[in-house]
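# what would the 3D arrangement of this be:
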Amino acid sequence: MPAMTSFEDADTEETLTCFHVTVYHPGQDHNQVFEGLNFCKREKLSSTEVVRFGRNPKLCHYIFQDKQVSRIQFSLQPFKDFNSSVLSFEIKNLSKKTSLLVGNIELGYLNKTEFPGRCIMRFGDYQFLMEKEDGESLEYFETRFMLAPRSLLEERHFGNPVPENRGSPSSSWPIEMDENEYRTDGEDDRNI
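Numbers count the residues shown, from 1 in each chain. Modelled structure (predicted):
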C-alpha cells in the first residue's frame, strides 16, 4: 500500500516580509523613467542580497531610465536585529552627487540608516512611499512597486503617518487643541 502524505507532514509555508514601494516622478508619463520596474507584481528576493537601485542594469536590480540618476543611487539591505524575529532593512546612499532623504534624515554619500517601517524617501525629483509589511521568513522577502498618479508630497494621507498607538494615552504624537483648551497633565498653558 503506497504511503500517503498527510497535511500534518507538509512543510508550513512562511509569510514573506513585503516592501511596498509607491513611486512618483513629475516626468513619468512622457520620460518613461520607471519603464524598468515591474508594477503590481510581487518579486521574491533572497535576504542575503543587497538590492541596488540606479540606472546601470549590470549593477542594479531596479533600473531608472534617467541620466540624472547615478549608476548606483541607493541600496536596500536586509538584516535581523538581535532582539527581533523579523527582517529589518537599512537604506544606504551610494550616489556621490545627490543626497537621499529618508523621512527627515538626509543621507550623504555612503551614509546609511535603518528603515523606519514607513516613510517617504526622495532624491532629485524622485519620490518613493516605502512601507514594510512584516512576514515570518528570514530567508526571503518580496518587493511590490506601484505608480502614483500625482506627487506623494501632495497626498495628504502620505504626509503624516498615523501612529500605530493612536488611541493610547501614552502616545507622544501631538494633539491638536483649541486655543481656549488647556493641558490636562497638571500644567495650564493659558495666559491669564
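# so what does the one helix or strand Glu90 maps to touch, helix or strand wise?
Secondary-structure element containing Glu90, defined by DSSP states H and E: strand 87-93. Counting contacts by 3 or more C-beta pairs under 8 Å, 6 or more residues apart in numbering; DSSP states H and E, strand 87-93 packs against strand 74-80, strand 100-102, strand 105-107, strand 112-114. In this view, the C-beta of every residue, glycine as well, is placed from N, C-alpha and C.
# just send these back as a markdown table, with mean neighbour count and distance to Val21 too.
Below are the helices and strands packed on strand 87-93 laid out as a markdown table (neighbours: other C-beta atoms under 10 Å; distance: least, C-beta to C-beta, whole Å):
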| stretch | mean neighbour count | distance to Val21 |
| --- | --- | --- |
| strand 74-80 | 18 | 9 |
| strand 100-102 | 22 | 13 |
| strand 105-107 | 16 | 17 |
| strand 112-114 | 15 | 17 |
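# which residues does the residue positioned nearest the centre of the chain form beta bridges with?
Relative to the mean C-alpha position of the chain, the nearest C-alpha, by C-alpha atoms, centre = their mean, is the one of Met130, at 2.5 Å. According to DSSP bridges, Val21, Cys119 are recorded as the beta-bridge partners of Met130.
# for it, give me the pLDDT.
Reading off the confidence values, Met130 has pLDDT 94.
# related to what we said a few turns ago, closest one to Tyr24 among the helices and strands packed on strand 87-93?
Nearest to Tyr24 among the helices and strands packed on strand 87-93 is strand 100-102; the distance by C-beta to C-beta comes to 14.0 Å.
# how much space between Lys44 and Glu35?
Plainly put, Lys44 is 22 Å away from Glu35 if you go by C-beta to C-beta, to the nearest Å.
# Phe19 too?
On the measure of C-beta to C-beta, Phe19 and Glu35 end up 20 Å apart.
# neighbour count winner among those two?
Phe19 (23 against 11; other C-beta atoms under 10 Å).
# tell me the SS of the more buried one?
Reducing the assignment at Phe19 to three states with DSSP: H, G, I helix; E, B strand; the rest coil gives strand.
# can you name the residues that contact it?
Contact partners of Phe19, counting by C-beta atoms under 8 Å, 6 or more residues apart in numbering, are Leu76, Phe89, Met130, Glu131, Lys132, Glu133, Phe141, Glu142, Thr143, Arg144.
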